[in-house]
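>>> any chance you can model this:
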Amino acid sequence: MPDNLPEPDLNLRIRQANHNGSSSAHDALINSKAHEHHDIILLQEPYINVLGKVSASSKWRVVYPSSHLSLQEKIRAVILVNANLSTNTWHQVDITDSNDIAAVQIEGPFGTVTVINIYNDQNHARTLVRADMALSDIHDGISALPQPHDHYLVWAGDFNRHHPRWDEERNHQLFTARALDDAQFLIDILDEHNLDMALPKDVPTLEFMRTKNWTRPDNVFCSPNVIDILIKCTTVPEQRGAGTDHVPIDTVLSLPVTRTAPAVSYNFRVTDWDEFEDVLVAKLTTLPPPDRIQNECDFHHRVTKLSTSLAETIEQVVPKSKPSPYTKRWWSKDLERLRKAKNRLNTTSYRF
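Numbers count the residues shown, from 1 in each chain. Predicted coordinates for the structure are as follows:
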C-alpha cells in the first residue's frame, strides 16, 4: 500500500491513566512507544507545564476540555489521539462548563463510537451532573440522524466513588453511608443511560501511597453493544507511571478504524556514498547518450529519467531511517533496560 494512504485496522485501542500531576509519568508516556499500541489515551490529572498545556510529541494530538480557555479551573481530563488516526474520521465532542470532561467521536463503517474521559472530584458531584447532561445530548444527537446509525459509547475515568458493585468486599471500611449515597448517584446515571461496566468487578486500580491498600476509584462503563465487541478491558500494573498511585487500564474494541501509514524516511547520514555512486553510475549508463534537447517534451522526458534513476538508487542503497521514539537526547540503552526492570517490579508488586 502506498505511504500515507488510509489503511483499516480491526481494533480500536484505548488506554486510560491517572498521572497525579506527575511530570515523570507524563514524560515516560510521551517518550515511549505508546503510539504503536494505543489509538486513544485518556488522561486524568495530567501534568500541566508552565504554559498551562499538556506536552505531547508529534505522535499525538491533544484534546482539551471544550471550555479550557474560558474557565479558570484546573484541567483534570484530556485525551491524546494518535496522529495516525485519520483526522477525517474523528472530531471533538463539545462539552462545555467543565475542565474535568473531554470527549471525542470516531466514525467509520461500523457507525460512531463516542469516548468520554472524566475526572470526578471526590468532594462534589458537579462533574457527574454535567456528564449526565452530556450523555443525554449525545444520545439525542445520534437519534436525530436521518438514517439508522450504530452508536457505541465508552465512558471512562477516575470517578472517585466506592461501592460493592465494583470494589472488593474486603474494603468494607470504604462503604460508609455517605460513600454509598455518593456512589448511588453515579449508579442512577448508569441505569438511566443503560450503561454496563466493562472492567470486571474486584479488579483494583489504585494503591494508597501510605497504607498500600488497593481500591477501585477508576472505571470503564459502556453501552450494551460495546460488550459484544469488547476484546479486553484489563489493568496493566507493570506500566504504572512513576509518582502515581493509579495503574493504567487498557480497553480494546473490535472496530475497524482508519489509520494512515507512516511516511518512509531515509538515513542519508549513514549512507555508503561510494556504493551510492557506483549504483547511480550503473543506472545512468543505461540512459541514452546526452545530446541537444530539441523541445519542452524532450526536456521533461529526460528529467523524468534522471529523477527515476536517483529515486531507484536511494531506494536501493540508502538505509531506511528508524527514528527513536524518545524525544530526550539523553535517553540510552541503560535507561531502557532500567525501564523494563521497573515494569517487572511493578508486576511483582501488584501480584503480591
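>>> D191: what secondary structure?
Counting by DSSP: H, G, I helix; E, B strand; the rest coil, the backbone at D191 sits in helix.
>>> if I look at it, what pLDDT would I see?
pLDDT, D191: 96.
>>> now S23
Model confidence at S23, given as pLDDT, is 92.
>>> surely it is in contact with Y47?
Yes. In this structure S23 lies within contact range of Y47 using CB atoms under 8 Å: 4.7 Å. Bear in mind the C-beta positions are built from the backbone N, C-alpha and C, glycine included.
>>> of the two, who's got more company?
Y47 (20 against 14; other CB atoms under 10 Å).
>>> contacting residues for K283?
Applying CB atoms under 8 Å, 6 or more residues apart in numbering, one finds that K283 lies in contact with 309, 312-313.
>>> just name the closest of these to K342, please.
Lowest distance from K342 to the contacts of K283 (CB to CB) belongs to T313, with 44.6 Å.
>>> pretty sure Q122 contacts N160?
Yes. Here Q122 lies in contact with N160, judged by CB under 8 Å, at a distance of 3.8 Å.
>>> overlap in contacts of these two?
P217.
>>> out of these two, which sits in the busier spot?
Neighbours of Q122 and N160, each counted by other CB under 10 Å, are more numerous for N160; the result is 21 against 13.
>>> how close does the more buried one get to F110?
Between N160 and F110 the computed distance is 32 Å (CB to CB, to the nearest Å).
>>> equivalent analysis for R178, please.
Noted for R178: a distance of 41 Å to F110, by CB to CB.
>>> coming back round to it: a markdown table for the contacts of K283, including pLDDT and distance to D228?
Output for those, formatted as a markdown table (pLDDT from 0 to 100; distance: CB to CB, whole Å):
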| residue | pLDDT | distance to D228 |
| --- | --- | --- |
| S309 | 92 | 55 |
| E312 | 93 | 49 |
| T313 | 94 | 52 |
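>>> now the buried members of those residues.
309, 313 (16 or more other CB atoms under 10 Å).
>>> let me know the closest of the contacts of K283 to Q184.
For those, with Q184 as the reference and CB to CB as the criterion, the closest is E312, at 69.0 Å.
>>> ok, that closest one - contacts?
Neighbouring residues of E312 by CB under 8 Å, 6+ apart: K283.
>>> wait, L10 touches S254, no?
Yes. With contact defined as CB under 8 Å, L10 reaches S254; the gap is 6.3 Å.
>>> more crowded one of these two?
S254 (13 against 10).
>>> now that one: closest residue in space that isn't a chain neighbour?
Closest residue to S254 in three dimensions, ignoring its sequence neighbours and counting by CB to CB, 6 or more residues apart in numbering: I229, at 4.3 Å.
>>> if we can go back for a sec, neighbour count: R178 and F110, which is higher?
The residue with the greater number of neighbours, taking R178 and F110 and applying other CB under 10 Å, is F110; the counts read 17 against 7.
>>> I figured the more buried one hits T258, correct?
No. Taking contact to mean CB under 8 Å, the distance of 11.0 Å between F110 and T258 leaves them out of contact.
>>> ok, the residue nearest the centre of the chain to K74 distance?
For the chain, the residue sitting closest to the mean C-alpha position, by CA atoms, centre = their mean, is I40 at 2.4 Å. Noted for I40: a distance of 22 Å to K74, by CB to CB.
>>> in a helix, T258, correct?
No. Under three-state DSSP, T258 falls outside any helix and is assigned strand.
>>> so what's the residue count around it?
Neighbours of T258 using other CB under 10 Å come to 18.
>>> look at it and report its pLDDT.
Model confidence at T258, given as pLDDT, is 82.
>>> please tell me I have it right and it contacts W90.
No. If you go by CB under 8 Å, T258 and W90 don't touch, sitting 9.2 Å apart.
>>> one step back: which phi and psi does the residue nearest to the centre of the chain have?
Reported as degrees, to the nearest 10, the phi and psi values for I40 are phi -140, psi 140.
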